[in-house]
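S.K.: Here is my input, please return the structure:
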Amino acid sequence: MEAIERLELTRGTAALQYGPQFGGLLNYVTKAPPLDRRASFASISSAGSYGLRSTYNSLAGTIGDWSYVAYASGRWSDGYRTNGSSTADAEYLAVHYAPLGKYFSVKGRVGHSRYLYRVPRAAHRRAIRRRPAPVDAQPQLLQPEHHRPLAGGRLG
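M.R.: The predicted model follows:
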């Protein structure tokens, strides 16, 4: 969420232009690059209990008619149960070329996210009675990966 400037909610039938969403559409608007700097760097890192580590790093700026935003983020946790852990990472790059200001511009964006959650299986009642410690059963895995290339432009 560090790269998000604001959230926009489109309710009702106006959301149908993007496909059939029940209840509306939630649009994540990413932060715009600074117009007065060639380069701006931001970094946020943290650590916590159960082996939690996270980092967010971004680089953004404007050079002449070109502006850019790039970020990479990651989050890792060992989990609080045996065989439970999570790993997530995301990358994003946006480039904007506006040689004629508001009359003509071209944008290109690409994003990638990947995460892996290891969810420990529930213990059977008999196993809990024998050994109340966490069960070492094989975890269930959730591992989606998303690629989002986008392009657009403006004329007039």
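S.K.: Show the end-to-end separation of stretch 77-90, please.
M.R.: End-to-end span of stretch 77-90 (Cα to Cα, to the nearest Å): 16 Å.
S.K.: tell me the mean pLDDT over it?
M.R.: For stretch 77-90, mean pLDDT rounds to 84.
S.K.: Then stretch 26-40?
M.R.: Across stretch 26-40, pLDDT averages out at 87.
S.K.: Flag the helix or strand of the chain with the lowest per-element mean pLDDT.
M.R.: For the chain, counting by mean pLDDT, DSSP states H and E, helix 125-130 ranks last in confidence among helices and strands (a mean of 55).
S.K.: Just give the nearest non-adjacent residue to R81, would you?
M.R.: Leaving aside its chain neighbours, R81 sits nearest to P120 (4.8 Å; criterion: Cβ to Cβ, 6 or more residues apart in numbering). Every residue, glycine included, has its C-beta placed from N, CA and C.
S.K.: count of neighbours near that neighbour?
M.R.: Applying other Cβ atoms under 10 Å, we find 19 residues neighbouring P120.
S.K.: Then A3?
M.R.: If you count neighbours by other Cβ under 10 Å, A3 ends up with 19.
S.K.: From T30, how far off is it?
M.R.: Distance, A3 to T30, using Cβ to Cβ, to the nearest Å: 5 Å.
S.K.: same check, this time on P144
M.R.: Taking Cβ to Cβ, one finds P144 at 21 Å from T30.
S.K.: any idea how far T30 is from E8?
M.R.: Noted for E8: a distance of 12 Å to T30, by Cβ to Cβ.
S.K.: How about S105?
M.R.: Using Cβ to Cβ, S105 is found at 16 Å from T30.
S.K.: So for E8 and T30, which residues contact both of them?
M.R.: Common contact partners of E8 and T30 (Cβ atoms under 8 Å, 6 or more residues apart in numbering): none.
S.K.: low pLDDT regions in this structure?
M.R.: Along the chain, the parts satisfying pLDDT under 70 run over 12-23, 121-142, 146-156.
S.K.: what's the neighbour count on A60?
M.R.: As a burial measure, A60 scores 21 neighbours (other Cβ under 10 Å).
S.K.: So which bits of stretch 65-80 are buried?
M.R.: Going by neighbour count (16 or more other Cβ atoms under 10 Å), the buried part of stretch 65-80 is 67-77, 79.
S.K.: Widest-spaced pair of the residues you listed?
M.R.: Using Cβ to Cβ, the two most remote members of these are S67 and G79, lying 39.8 Å apart.
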